[in-house]
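> coords please:
(one chain, ligands or ions: 1)
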Amino acid sequence: MPYTGGYRDALETKVAVSAGRQQVPKESSTTVGRNSYAILILATLPAGPDLGRSQDNRCRHCHNEVETLGHVLGSCPHGKTLQNARHHQVRSIIATALKDADYNNFEEVHGLSITCSTQHIDIIAFKKSTRSGYIIDPTVHFETDEEQPAKVDNEKNNIYNPTIPYYLKKYQLKELEVIGLMVGARGTATLFMKDVFQRLGIPKSIIPIVTLAALKGSIALLKNHLY
Ligand SMILES: [Zn+2]
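I've put the predicted structure just below:
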């Protein structure tokens, strides 16, 4: 089951309202309204293999996979540039929030793992007073199940833990923790994200800003794919 919590409740209300009116909701003339309407469109699109126009439902651009919403928003090479733009936008919002929370932070840092392979990390954030910090890797994923944020975090730990000694030395820190932070491609705010932000001391008001940025990026991807 997709997990969307309160977000889903709000969404279902919007779907019901829209279906009754058979027209664009009134608030669509405002920025917030346009976003709400976009959420509605994106969330009501089929997640299954119904987007494709070809007979075998394969992607109209890459023909690699069945053209699902997950493929369009997550893995289609046709959207690579926009996928990167969406990721950079999300990363930048989180980096700014960390700066506001008095972290020293750096984005897109190149380093070495203990096996001497090069790795680049999205964000490293630390406090000089405690000499401890975090390697944070936000990743936009198409939402699938409730365990997904923990799985993403686990994957990122496996990738970036071997780079910790390099960064401890580089920034003269005592400890670093890797956080793989999943952001939902359809704008889902996860409990995992809420917990991470709380732990980092980032105000929860940043959550809708992050999720909306991901959603806007996804809408751009969808538009680029379909039109
Ligand atoms: Zn494709």
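> gap between stretch 207-214 and the chain center?
8 Å (CA atoms, centre = their mean, to the nearest Å).
> what's next to it, contact-wise?
Here stretch 207-214 makes contact (CB atoms under 8 Å, 6 or more residues apart in numbering) with 35, 86, 89-90, 93-94, 138, 140, 183-185, 187-189, 193-194, 197. (Glycine included, C-beta is placed from N, CA and C.)
> ranges for the helices of the protein?
Assigned by DSSP state H, the helices in the chain fall at 5-21, 31-44, 69-70, 80-100, 148-160, 164-171, 191-200, 206-226.
> Highest mean neighbour count out of these?
Most buried of the helices of the chain by mean neighbour count (mean count of other CB atoms under 10 Å) is helix 69-70; its value is a mean of 21.
> is the ion contacted by stretch 79-88?
No: on the criterion CB under 5 Å from the ion, stretch 79-88 is out of touch with the ion, staying 7.8 Å away.
> Just the CA trace of that stretch, in PDB.
Extracted in PDB, the C-alpha atoms of stretch 79-88 (Å, rounded to 0.1, in the frame of the first residue of the first chain):
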ATOM      1  CA  GLY A  79      14.200  12.700 -18.200                       C
ATOM      2  CA  LYS A  80      17.800  12.400 -16.900                       C
ATOM      3  CA  THR A  81      18.400  16.200 -16.900                       C
ATOM      4  CA  LEU A  82      15.200  17.000 -15.200                       C
ATOM      5  CA  GLN A  83      15.700  14.200 -12.700                       C
ATOM      6  CA  ASN A  84      19.100  15.900 -11.800                       C
ATOM      7  CA  ALA A  85      17.500  19.300 -11.600                       C
ATOM      8  CA  ARG A  86      14.800  18.000  -9.200                       C
ATOM      9  CA  HIS A  87      17.500  16.400  -7.100                       C
ATOM     10  CA  HIS A  88      19.600  19.600  -7.000                       C
END
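> Torsion angles phi and psi at the closest residue to residue 59 other than its chain neighbours?
Nearest residue to residue 59, sequence neighbours excluded (CB to CB, 6 or more residues apart in numbering): residue 67, at 4.3 Å. Dihedral angles of residue 67 (phi, psi; degrees, to the nearest 10) stand at phi -80, psi 80.
> The ion contacts on this protein?
Close to the ion, as judged by CB under 5 Å from the ion, the chain has residues 59, 61, 62, 76.
> Weed out the non-buried ones from the residues you listed.
The neighbour count (16 or more other CB atoms under 10 Å) marks 59, 76 as buried among these.
> Just the C-alphas of stretch 109-128, formatted as CSV.
Provided in CSV are the C-alpha atoms of stretch 109-128 (Å, rounded to 0.1, in the frame of the first residue of the first chain):
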residue,chain,number,x,y,z
VAL,A,109,32.1,17.1,-2.1
HIS,A,110,34.4,14.6,-3.6
GLY,A,111,36.2,12.1,-1.4
LEU,A,112,37.8,8.7,-1.2
SER,A,113,36.5,5.5,0.3
ILE,A,114,38.6,3.1,2.3
THR,A,115,39.0,1.0,-0.9
CYS,A,116,40.4,4.2,-2.5
SER,A,117,37.5,4.5,-4.9
THR,A,118,36.3,8.0,-5.4
GLN,A,119,32.8,8.9,-4.2
HIS,A,120,31.0,12.2,-4.2
ILE,A,121,28.6,13.1,-1.4
ASP,A,122,25.6,15.4,-1.6
ILE,A,123,26.0,17.2,1.7
ILE,A,124,28.3,17.1,4.6
ALA,A,125,27.1,19.1,7.6
PHE,A,126,28.8,19.4,11.0
LYS,A,127,29.0,21.6,14.1
LYS,A,128,32.4,22.8,15.0
